[in-house]
Structures are given as C-alpha cells and as structure tokens.
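Asker: Here's my sequence, what's the structure:
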Amino acid sequence: MSKKINFIIFSGLFIFLVLLTLGGLISYFKKNLTLKETKEQKELMEQTSKEQLFEKIKFTTEDGVEIVGDYYENKDSKYAGILIHMMPADKSSFKDLASKLKSAGYTLLAIDLRGHGESINSTKGLLDYKRFTDQEHQSSIYDIKSASSFLESKGFPIEKQFLIGASIGANLSLQFLSMNPKIKAAILLSPGLNYRGIKIEDFLKKELGDKLLVIVTKGDAQSYPSVNKIKEIAPSSTILEYQGDSHGTDILKQFPEIYDKIIFFLKEKLL
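Answerer: Sure, this is the predicted structure:
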C-alpha cells in the first residue's frame, strides 16, 4: 500500500515538475517572441520613417536633362533650400543636413547634378560627369534653375529660397545667387577660386556678402585660397574656418557643431 502511495506521490511530483518546466519554456519562448516582434516592429517603424523623410522627384531642364532629386517637405515651412553636392558625390551626401534642416522647419530639395547619381538621362543620351568638358560642367547651372522652378511650383517663390552648395556646388550656388539677388541666403562649403571654369570672382559682389556663410578648412589647398578673394570682394560675408583638410560636406562629419551654426545663420537671414 505504501509503495502505491509513494508511486502516486512520485508520479504527481514528476507531472508537476514537467508542467512547471513546460510552463517555464512556454514563458521563455513567448517572451523572446514578443521581444523579436517588438524589435522587428521598431526596425519597420525606423525604416518607414526613413522612407517618409523625403520624396523622390524628377524634372527636366531647359536643355533636356532629367534631374532626380530628394524632396524633404516640411508642410509648415516658409522657406525652402536647394542642396547642391560636390563632385564626385551625389544628393545623398546632404541627407543628414537635410533631415536636420527639415526638423528645424525648412523644406529642402537635394538634387543630383547632371551626370551624377541618378541624373544621367537626357535628350542627347546618357550622361557621365567623368567625360564632361568644363562647358558641360558649367551647364549644371540649368539644373539649379530648374530646381528653383520646381520649388516655385510648390509655393516657394525665389525670395523664399536659399542655397547650400559644396565644392563645385558652392560655386554654382554663388553663381545662381548672383543671377537671383532676391534669394536671401547662401551657404558655401569649400568654395574654390576656379572649379571647372566656374570662377567665384565672376559672381562675387560686395552686396552679396551679407547673404553668405562660407565654411572652409585651413588645410584644404583646393578651397582655402578662395577665402582671401571673398574677404576682398564681399567683406561682410560670414566665414567659418576650421583646422584640418576636410572638403565640402565632409567638413560636417568632422565638425558636427556646424549644423547648429547653419541653422542659426538661416534663422537670422530668413526673416
């Protein structure tokens, strides 16, 4: 009789332990499944957020080049900026700056200049900046002109636009500013005396100085010599000089505090 009782007790204890173990395993897998689902949901939300950060747009220049751009729309913005990349970069080099400026209340349009990135189609065939003559590089001014027209179609007239350019994009920005003095601000990252025949002295004017923020590094032999020319012709320009030899948008990576300086400059000028 005692053996039977012991067997029953042992069996009950065994079943209890099995159920306890199963319960623990179920709880463990359920917890990990929940964590996995939460992680996947978070990653999906982050990916969706990135995808919604900008809209890919296309337009055609007056000389038949299809320009592709990333349009960072802020529906509450009063001003919109055109972002013009350096060579051989593309519009993605401005992604961090564009997202910060969008959060600061602006709408941005970052374009691939002709022959760069996705802007390779034209009525004359495929384009490759590596094969461009200086004259073909200079024709990129049409890309900025068309970008400006696109912003106008979105409710941002020329006086509600600003420019940010890097390297050759800085020189092109200055050129477009000189052609459109109603623009209130232009930020030039590593402008040069002469990029592919686009010379800053051809477009610098004394009255433009108040609209310019120039950012350079002292060790950048390609860009730094332009500082003296800018100080000479447009002495009221705001010039930020940094150590090192970073060029164009790479300066932003080395000195992230510049983001706030850019935002402050725009708030001061876009009144």
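
Asker: For the chain, just list every one of the strands.
Answerer: Applying DSSP state E to the chain gives strands spanning 55-60, 66-72, 80-84, 107-111, 161-166, 186-189, 194-195, 198-199, 212-217, 238-242.

Asker: Can you check which of those gets nearest to residue 136?
Answerer: Minimum separation from residue 136 across those (Cβ to Cβ) falls at strand 198-199, 11.9 Å. In short, each C-beta sits where N, CA and C put it, glycine included.

Asker: ok so, going back, output the strands of the chain in CSV, with mean neighbour count, distance to residue 146 and mean pLDDT appended to each entry.
Answerer: Conversion of the strands of the chain to CSV gives the following (neighbours: other Cβ atoms under 10 Å; distance: least, Cβ to Cβ, whole Å; pLDDT from 0 to 100):
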stretch, mean neighbour count, distance to residue 146, mean pLDDT
strand 55-60, 13, 5, 98
strand 66-72, 23, 6, 98
strand 80-84, 28, 10, 98
strand 107-111, 27, 9, 98
strand 161-166, 28, 13, 98
strand 186-189, 28, 18, 98
strand 194-195, 19, 20, 98
strand 198-199, 20, 18, 98
strand 212-217, 24, 23, 98
strand 238-242, 15, 29, 98
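
Asker: Turn those into a markdown table, columns for distance to residue 178.
Answerer: Converted to a markdown table, the strands of the chain look like this (distance: least, Cβ to Cβ, whole Å):
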| stretch | distance to residue 178 |
| --- | --- |
| strand 55-60 | 23 |
| strand 66-72 | 21 |
| strand 80-84 | 15 |
| strand 107-111 | 19 |
| strand 161-166 | 11 |
| strand 186-189 | 10 |
| strand 194-195 | 15 |
| strand 198-199 | 11 |
| strand 212-217 | 11 |
| strand 238-242 | 18 |
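
Asker: Residue 122: which of these is closest?
Answerer: With Cβ to Cβ, the closest approach to residue 122 among those belongs to strand 66-72: 6.6 Å.

Asker: helices and strands around the closest one, which ones?
Answerer: Packing contacts for strand 66-72, counted by 3 or more Cβ pairs under 8 Å, 6 or more residues apart in numbering; DSSP states H and E, involve strand 55-60, helix 95-103, strand 107-111, helix 141-153.

Asker: Could you export the ones you listed as JSON lines, including distance to residue 258?
Answerer: JSON lines is the format used below for the helices and strands packed on strand 66-72 (distance: least, Cβ to Cβ, whole Å):
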{"stretch": "strand 55-60", "distance to residue 258": "26"}
{"stretch": "helix 95-103", "distance to residue 258": "9"}
{"stretch": "strand 107-111", "distance to residue 258": "16"}
{"stretch": "helix 141-153", "distance to residue 258": "22"}
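
Asker: Which one of the ones you listed lies nearest to residue 240?
Answerer: When the helices and strands packed on strand 66-72 are compared by Cβ to Cβ, helix 95-103 sits nearest residue 240, at 14.8 Å.

Asker: okay, that closest one in PDB with CA atoms only?
Answerer: Taking Å, rounded to 0.1, in the frame of the first residue of the first chain, the C-alpha atoms of helix 95-103 are listed here in PDB:
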ATOM      1  CA  LYS A  95      20.900  63.600 -46.200                       C
ATOM      2  CA  ASP A  96      22.000  64.300 -42.600                       C
ATOM      3  CA  LEU A  97      21.900  68.100 -43.100                       C
ATOM      4  CA  ALA A  98      18.600  67.900 -44.900                       C
ATOM      5  CA  SER A  99      16.900  65.900 -42.200                       C
ATOM      6  CA  LYS A 100      18.200  68.400 -39.500                       C
ATOM      7  CA  LEU A 101      17.000  71.400 -41.500                       C
ATOM      8  CA  LYS A 102      13.600  69.700 -42.100                       C
ATOM      9  CA  SER A 103      13.300  69.300 -38.300                       C
END
